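Q: Compute the structure for the input listed below.
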Amino acid sequence: MSEENLSRRDVVMKYFDEQREENEKIVREGIEKYRKGDCTVEVISDGKVPERIAVEAEQTSHAFRFGANIFMLDEFEDEWKNEIYKEKFSALFNLATLPFYWDATEPQRGVYRFDKDSPKMYRRPPIDLCLEYCEAHGIEPKLHCLNYDTLIPDWAQKLSVPEMKEALTERFRVISERYAGRIPSMEVTNETLQMWHKSPFFMEDDFVEWSFEQADKFFPNNRLIINDYNIWDPAAHTRNYYYMQIERLLRSITHLDSIGMQFHCFFPEEAEKAHAAQKFNPRRLRELYDLFSRLGKKIQITEMTIPARSASPKDEELQAELTTELYKVMFSHPSMEAIIYWNLVDGYGYMPNGGEPGDMTKGENIYYGAMLRFDMTEKPVYRALSDLINKQWHTSEKVVSHGGAATFRGFYGDYDIKVYADGKVVPAKVSLCETGENKIRIRI
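A: Numbers count the residues shown, from 1 in each chain. You can find the predicted model right below:
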């Protein structure tokens with residue numbers, strides 16, 4: 001086929017099509033090896049080992065984190081949209097990225113927007129409102145982020161470097177006292193390889209190191225994460241800019257748990273061919289993740305946007321196909337611990353130059369990169385990911401055994417189990433972990 005006759009799908013899925021047999025094998029084996037384990041249930045009934053037992057195991061949550069930002073919680077213009085958003089979010093995700101941007105949480109010095117009844121701000125729901133929703137639905141909250149110099153309040157832009165450090169120290173302290181016990185993970189710095197900054201402190205040599213030293217001081221028991229967009233250059237070797245930044249950071253600090261990698265595909269359609277060679281290429285992705293695995297830290301895909309580019313059925317189906325294949329590659333890699341999509345609903349993206357909701361000509365909206373349409377109906381990508389997460393990557397097992405012990409194999413996570421022995425039924429809960437004994441003893 002001549003190049004001018006290539007369809008958009010031919011371009012976007014080129015490397016997945018060429019590597020299909022190899023990639024499917026690696027994905028299948030990786031998921032089986034790194035995302036699943038065995039759990040043994042031992043039963044004693046009336047002090048004896050029963051002749052025959054049956055165990056039913058139903059997975060209730062994943063250990064792996066599937067998430068999205070929750071920036072539109074109760075932010076819609078209609079209440080019915082708010083309700084659908086909350087329903088669709090909790091049906092798919094077990095992690096939510098919360099908007100801790102400094103300009104949104106402390107717009108005036110010493111005046112915080114944490115309380116759930118705080119004044120409205122587009123795409124910045126108050127933190128307490130987000131936590132209330134997360135805790136009611138068993139969703140893990142994640143802080144984004146402690147020191148992001150692009151989105152700082154106007155009053156902080158005028159500070160000298162020493163004054164900025166003093167203000168940031170107070171910010172860390174206030175957040176720690178209020179939320180360290182409720183939010184397990186903290187993104188400490190964000191996009192420090194970009195030049196989008198507003199304070200003199202950003203250009204200081206110790207910007208990243210100082211931020212992590214302070215985070216370790218105020219959040220010693222939380223997971224600390226570094227996050228960046230520029231993860232690709234120059235290549236998958238140790239001269240990669242982001243790799244070198246983290247390598248240097250690890251020489252001076254001891255508390256870094258996860259490496260955050262953004263996966264926004266914010267580029268025009270005519271650039272898809274060039275980007276597909278690295279972003280939509282299974283071998284290239286694994287090379288990148290293998291490289292960063294050498295640093296000894298877990299990896300998170302922290303912000304992911306896969307464009308549909310239009311509302312046409314063909315483009316929406318391609319978005320679903322590509323996203324599904326990318327999730328498989330990421331989920332099957334041993335160092336990956338989370339995949340966090342970005343916007344859930346089209347038409348409500350970040351619009352730095354203004355615009356009304358539903359305006360698909362502004363900001364992030366131009367990519368049609370969300371999972372629900374503006375009218376809140378499900379796009380194919382939402383249904384495809386729900387099938388993966390809630391069906392294909394979900395364990396529901398029943399095993400029968402003789403001799404008082406039964407073993408089931410399942411995805412790491414939490415389970416409700418029922419044990420049947422000697423005419424009795426005993427319910428129990430068990431967590432199947434990547435590390436640990438993964439054994440439960442039941443007495444009837």
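
Q: Around Ala96, count how many other residues there are.
A: Per other C-beta atoms under 10 Å, the neighbour tally for Ala96 reads 25. (Glycine included, C-beta is placed from N, CA and C.)

Q: Give me the distance between the residue nearest to it when sequence neighbours are not counted and His237.
A: Leaving aside its sequence neighbours, Ala96 sits nearest to Ile70 (C-beta to C-beta, 6 or more residues apart in numbering; 4.0 Å). From Ile70 across to His237, the span is 36 Å (C-beta to C-beta, to the nearest Å).

Q: quick one: which of the two has more around it?
A: Ranked by neighbour count (other C-beta under 10 Å), Ile70 and His237 place Ile70 first, with 27 against 10.

Q: List the contacts of the residue nearest to Ala96.
A: Listed by C-beta atoms under 8 Å, 6 or more residues apart in numbering, the contact partners of Ile70 are 89, 96-99, 125, 130, 133-134.

Q: now, which of the residues you listed lie within helices?
A: Assignment to helices by DSSP state H places the following of the contacts of Ile70 there: 89, 130, 133-134.

Q: ok so, going back, give me the buried subset of the contacts of Ile70.
A: Among these, the ones that count as buried by 16 or more other C-beta atoms under 10 Å are 89, 96-99, 125, 130, 133-134.

Q: any weak-confidence spans in the protein?
A: Within the chain, the stretches with pLDDT under 70 are 1-5.

Q: switch to 90 and redo it
A: Within the chain, the set of residues satisfying pLDDT under 90 comprises 1-6, 43-51, 194-197, 230, 232-237, 351-356, 402-404, 421-424, 435-437, 439-444.

Q: what residue is smack in the middle of it?
A: Here the mean C-alpha position of the chain is nearest to the C-alpha of Ile340 (C-alpha atoms, centre = their mean), at a distance of 2.5 Å.

Q: ok now do it, which residues does it touch?
A: Ile340 touches 65-69, 95, 97, 142, 300-304, counting by C-beta under 8 Å, 6+ apart.

Q: where's it, which helix or strand?
A: Secondary structure from DSSP states H and E places Ile340 in strand 336-341.

Q: Give the partner strands of that strand in its sheet and their orientations.
A: Taking DSSP bridges as the criterion, strand 336-341 forms sheet pairs with strand 65-69 (parallel), strand 298-305 (parallel).

Q: ok, the contacts of Ile340 vs Tyr412, which is closest?
A: Relative to Tyr412, the closest of the contacts of Ile340 is Arg65; by C-beta to C-beta it sits at 11.3 Å.

Q: beta partners of the residue nearest to the closest one when sequence neighbours are not counted?
A: For Arg65, ignoring the flanking residues on the chain, the nearest one in space by C-beta to C-beta, 6+ apart is Ala338 at 3.7 Å. Legend: beta-bridge partners of Ala338 under DSSP bridges are Arg65, Gln300.

Q: Ser431 versus Ala338, what's the distance?
A: Applying C-beta to C-beta, the value for Ala338 to Ser431 is 18 Å.

Q: ok, now which ones touch the closest residue to the residue nearest to the centre of the chain other than its chain neighbours?
A: Leaving out its chain neighbours, the residue that sits closest to Ile340 by C-beta to C-beta, 6+ apart is Gly67, at 4.1 Å. By C-beta under 8 Å, 6+ apart, the contact list for Gly67 reads 93-97, 140, 142, 338-341.
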